[in-house]
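A.B. asks: below is the structure, and that's it, no one-letter string:
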C-alpha cells in the first residue's frame, strides 16, 4: 500500500526539486486570484454562493489536479470575496494586506514551525521574543516587558484578563487556576466603558465571572471613558463591598475610534490596586508615529496591552499580541507539560507554551517583522497619519452636509453618522442594498441606542476623492422623501 | 505627507500589475527557503540564534528592500528552523505541510477574509460551513451537525468544554455566561484520563472551575481510559454529591496515541447526563480511512469533537475544528454585537462570530479544502495507514532489541520507549545531545512516572529503513557501561 514516491510531490520540500514544485504551484495559486474586477464584492446572494461552494466535493475518492482545484477556488470563492483594498470596503477594521507579509506567509507555512516549544521553533522563538521586546520598548515599558503572539484581539484580551484574575486571586493566597474561583470572586468586578469591545464581556463570561461582573462606565460624546463616571463607579463598588480587580481601558473603540484617558485610568487602577489592561487593538499602531503617539499617553502604565497586527499594521489574519509590563507576570499562568516544558534543557532554550493559552501556534511573528523591516518607520507612520487625516476629512465633509449628520466626533479611523429624518430601518436598507449589489461594504452599528452608519478607513491608498464619492453614494441611496 | 503612489506596491492588488508584483515577491520568498540541507535542524545554540535574530532592526527608519529582508530571514531563521519533513524530526505531533495548503495560504492572506461576519467573508463563510458538514458526516453525526474552525486543539477543547459548562448551567436554569459560576459549580467535575492532553486541565482552569475540578481516570497499559476506573470514579462522585458535567475522552493521546473506549464512555455519559467531548486532535484523521475508522467506534455519540487539521491532515498551523452533533448547541454561546451580528440581514447571511470564541478569524478552511480535494480520499487514507504501520514496525523493532524497551504498546503514530539500565538523566542527555547537534529532534516524556523517549511519525515519506536508522542512532548514543 505504501507508495512513498507518489506522495513526494504532495509535501513541501526545500531541495531544488521541491522548491521548483512549490514555485509552479504558487504560480497557479496567484493565477487563481486573477478574477474580474468587481468593486468591494460581487453581487451574488448567499444562496448563489452556497450553491457554487456546495458543488465542490470536499474530498473525492481520487484527487483532482491542483490547477483545477485552485481554479475552482478562484471562481467559487476568491471572485466572490470581499476586497479590503477596494476603497468602498469601509465596514470593519478589516485591512488590505501587505506584500511582505503575504509572501512571508508562504514561508511560514512551508517551514511550519510551532511556537509552543523551542525544539519545534528554535530560531522562530527568538524572532517572536525580539518582536515582543520591540513592542515593549515602543509602548514605553521597561526592559522587563515581554509578550506573546495570539490569534486575535479577543484572545489577547482574554489572556490579559486571565492574568488579572490570577493576580487578584494570588493577592488573597488563592491559586485560581488550580482550585477554581474562590467565594471572594462573587465580589470581583472588571470595569470597562460602554464602548469597550464585546470581548471584554466575553472574557468575563469565559473566566466564570459572568458578563454581569463587567461594570460599564459611561462615555463622553466622543466615546471615551468619562473619568467622573469611573470615579463614581469605584466609589459605588467600595460602598457595596465589591472589588475592582481589573480596569480595562480602550485605545481606539471599535465603532468610534475613541481613546480612553489612559493616564487618569492608570492612576485610578494604581490607587485601588487593580490590574490595568489596555485594549489597544485599534489604536495601538499609534506607537509607530511620533505625531499620533501622544494620544496614547499613559499606555506605558498598563500591566498588559493588546496589539492587533491584523488591523492598522496591515497584516493578514491572524496576528495579535499581548504585551505585559513585566515578563514575570506570565508566571501567573504557568503550567507544566511532560512533553513540552520540561525545564531541564540546554541553556537558553525558551518554551513559549508557558505564556500562552494556545499549544501549537503559528509563527505569525515572521510576517510582522518582514513587513515592518520592508516598510520602515517613516512610511509606516505616514500611512497611519494619512488614514487619520482622511477620517477627519470625512467627518468634516459630513459636518458640512445637511443630509448626513455625525453621531460623534471623528477619532482614529472611523466615522459614524446617520441621516436626519431617517430611521434605523432606512439606514439598514441603505447598508443592505449596497452590500447586496456589491457597490459598497458599509458599516452599520448603534451608538448609545442610536442607529448609525459607519466608515472605517483601513486602506492608505484611499484619497479624499474616494471619500467624496462614498458620501455621494450613501446620500444618494437614502429613499426620496 | 500623503504619498499614495509610493505606497501602492506595499499592498496586495489583484489587477495585472498587482499580481505581477506579488509573483516577483513570491519568487524571492521561495528563494529564501533555499538553505543548505542540514538534517532536522542546524546545530546552532540558543545564544547563537538569538544573536543572529537580534542583529536585525525590527523597524528601521527607512524600509529595507524586500529581497534583502527575505534573504535575512532565510539566513537567520529558515536555515535554522526545525524541518518537519526530515525523517529524523520525530519529537512531536508536528507535521510536514502539503503544497496545496501552503500555496492556498498565499491566497488566503492575499484575499484576507475575516470569518466573523458574512460581510467580511461571504463565499468563505460557505466554504467553512461546507467543510464542517463534511466533517460531521464523516464523524457519523446527523445532518444537524456543524462546527467552527479554531486556532488549535487547545482552543477546540476549551470551546467544547465551554459549551459543556453552559449546558450544565442551563439544566439548573442558570445562564453561566451572564451571571457567572453558580454555587453548584463547586460540585462540577470534568472527567478525563491521566493521559488526556493538558489542555483539558487548562480549560477547567480558564473556565473558573480550576484544574482540581478535573478528575483523572487511570489508564490501562496502552494508555487508554480504564472503564472500570471510570465507573468507580462516577460512583465516587455520586457518593460525594459531586456532579460529572463532562466526560472528556481522548482519541489518540499525545504521548502514546491511545484511543479511549469511546462507545463505553458515551454510554456512561448518557447515563449520568454528562456532555461527551472527544479530543480527537490526534486520531481524528482516522475518519478518512475505512481501515482505521473502526478504531473510533462511538465517536458519533459525542456532543463535541476536536479535529486538528495541523496534525495528521498535514496542514500548516493553525487549523483545527470543533464539531458539534447539533448546530443548536452553539446557542449556548450566543452573544450579540452591535456591529457584527445584527440579525436583521439578507436571507441566508450567516455571521460565524456567534459560534466562536474568536472575533476576527482567518479563513483556514480554504487550505484544508484545497488539500483534501487535491490529495483525494484514497491517497489520504493510504498515507495515514502507512504511518500507522510504520509505527507498528518501529514498536516491533524495539521489541526485538535488548538495548531498548517499549514503555507501552504502539498505537496511532507514536512509540514510547526507554533503555534498560539507563535512568531519566541518561535519556535526557541522549535527547539533548541529538537536538544540540542537529542530528535528531527526538521526543522525551514521562509515562506514569517513568522517563521515556518518543518517536512520533508524521511524515508519510518515511520508510522502514529510516526507522532502522533512527533506532541505530538512538541506541548508539546511550553512554557506554
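C.D. replies: It's in. Note that the structure is a prediction, hence the values are computed from the model and not measured. Residues are numbered from 1 along each chain as shown, chains lettered A, B, ... in the order given.
A.B. asks: contact residues of the stretch 201-350 of chain A facing chain B?
C.D. replies: Contact residues (C-beta under 8 Å from any C-beta of the partner chain) of the stretch 201-350 of chain A with chain B: A:201-202, A:204-213, A:254-255, A:288, A:308, A:310, A:314, A:316-318, A:335, A:337-339, A:342, A:344-350. Any C-beta I mention is one placed from the backbone N, CA and C, and that applies to glycine too.
A.B. asks: which of these are buried?
C.D. replies: Buried members of those, scored by 16 or more other C-beta atoms under 10 Å in any protein chain shown, are A:201-202, A:204-211, A:213, A:254-255, A:288, A:308, A:310, A:314, A:316-318, A:335, A:337-339, A:342, A:345, A:349-350.
A.B. asks: give me the nearest residue to residue A:458, chain neighbours excluded.
C.D. replies: Of all residues not flanking residue A:458 in the chain, residue A:95 sits nearest, at 4.3 Å (C-beta to C-beta, 6 or more residues apart in numbering or on different chains).
A.B. asks: what of residue A:399?
C.D. replies: residue A:406 (5.9 Å).
A.B. asks: in chain A, what residue lies closest to chain B?
C.D. replies: Using C-beta to the nearest C-beta, the single residue of chain A nearest to chain B is residue A:208, 2.1 Å away.
A.B. asks: that residue against residue B:213, yeah?
C.D. replies: No: using C-beta atoms under 8 Å as the test, residue A:208 is too far from residue B:213 to be in contact (10.7 Å).
A.B. asks: list the residues that contact both of these two?
C.D. replies: residue A:180 (C-beta atoms under 8 Å, 6 or more residues apart in numbering or on different chains).
A.B. asks: neighbours of residue A:323, just the number please.
C.D. replies: By the measure other C-beta atoms under 10 Å in any protein chain shown, the count of residues near residue A:323 is 26.
A.B. asks: which helix or strand contains it?
C.D. replies: Element membership of residue A:323 [criterion: DSSP states H and E] is strand A:320-324.
A.B. asks: do you have the strands of the stretch 1-150 of chain A handy? List them.
C.D. replies: A:146-150 (DSSP state E, counting those that start in this stretch).
A.B. asks: any weak-confidence spans in it?
C.D. replies: Judged by pLDDT under 70, the stretch 1-150 of chain A has its weakly predicted residues at A:1-2.
A.B. asks: which residue ranges of it form helices?
C.D. replies: A:4-7, A:16-32, A:46-54, A:66-76, A:99-111, A:122-139 (DSSP state H, counting those that start in this stretch).
A.B. asks: ranking those helices by burial, who's on top?
C.D. replies: helix A:99-111 (a mean of 28; mean count of other C-beta atoms under 10 Å in any protein chain shown).
A.B. asks: helices or strands next to it in the packing?
C.D. replies: Under the contact criterion of 3 or more C-beta pairs under 8 Å, 6 or more residues apart in numbering or on different chains; DSSP states H and E, helix A:99-111 touches helix A:365-399, helix B:16-32, helix B:66-76, helix B:99-111.
A.B. asks: what angle do it and helix A:122-139 make?
C.D. replies: Here helix A:99-111 points in a direction 150 degrees away from that of helix A:122-139 (axes from the mean of the first three to the mean of the last three C-alpha atoms, to 10 degrees).
A.B. asks: thinking again about what came up before, just the mean pLDDT for the strand holding residue A:323, thanks.
C.D. replies: The average pLDDT within strand A:320-324 is 98.
A.B. asks: in its sheet, what does it sit against?
C.D. replies: Within its sheet, and counting by DSSP bridges, strand A:320-324 is paired with strand A:146-150 (antiparallel), strand A:304-308 (antiparallel).
A.B. asks: so of those strands, which one's packed in deepest?
C.D. replies: Compared across the strands paired with strand A:320-324, strand A:304-308 shows the largest average neighbour count, a mean of 30 (mean count of other C-beta under 10 Å).
A.B. asks: could I get the average pLDDT for it?
C.D. replies: The pLDDT scores in strand A:304-308 average 98.
A.B. asks: got the angle between it and helix A:365-399?
C.D. replies: Relative orientation of strand A:304-308 versus helix A:365-399 (the same axes, to 10 degrees): 80 degrees.
A.B. asks: run through who's touching strand A:304-308.
C.D. replies: Strand A:304-308 is contacted from outside by A:93, A:135, A:139, A:152-153, A:156-157, A:159-160, A:163-164, A:275-282, A:284-285, A:299, A:319-325, A:329, B:360, using C-beta under 8 Å, 6+ apart.
A.B. asks: got CSV for the strands paired with strand A:320-324, with distance to residue B:43 too?
C.D. replies: Compiled in CSV, the strands paired with strand A:320-324 are given as follows (distance: least, C-beta to C-beta, whole Å):
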stretch, distance to residue B:43
strand A:146-150, 27
strand A:304-308, 34
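A.B. asks: among those strands, which is nearest residue B:393?
C.D. replies: Closest of the strands paired with strand A:320-324 to residue B:393 is strand A:146-150, at 38.2 Å (criterion: C-beta to C-beta).
A.B. asks: could you point out which element follows that closest one?
C.D. replies: Later in the chain than strand A:146-150, the nearest helix or strand by DSSP H and E is helix A:153-171.
A.B. asks: how about residues contacting the next helix or strand after that next one?
C.D. replies: Counting by DSSP H and E, the next helix or strand C-terminal to helix A:153-171 is helix A:176-179. The contact list for helix A:176-179 (C-beta under 8 Å, 6+ apart) reads A:165-166, A:169-170, A:182, A:185, A:333, A:335, B:205, B:208, B:210-212.
A.B. asks: out of those residues, the closest to residue A:222 would be?
C.D. replies: In terms of C-beta to C-beta, no member of those lies closer to residue A:222 than residue A:165, at 30.2 Å.
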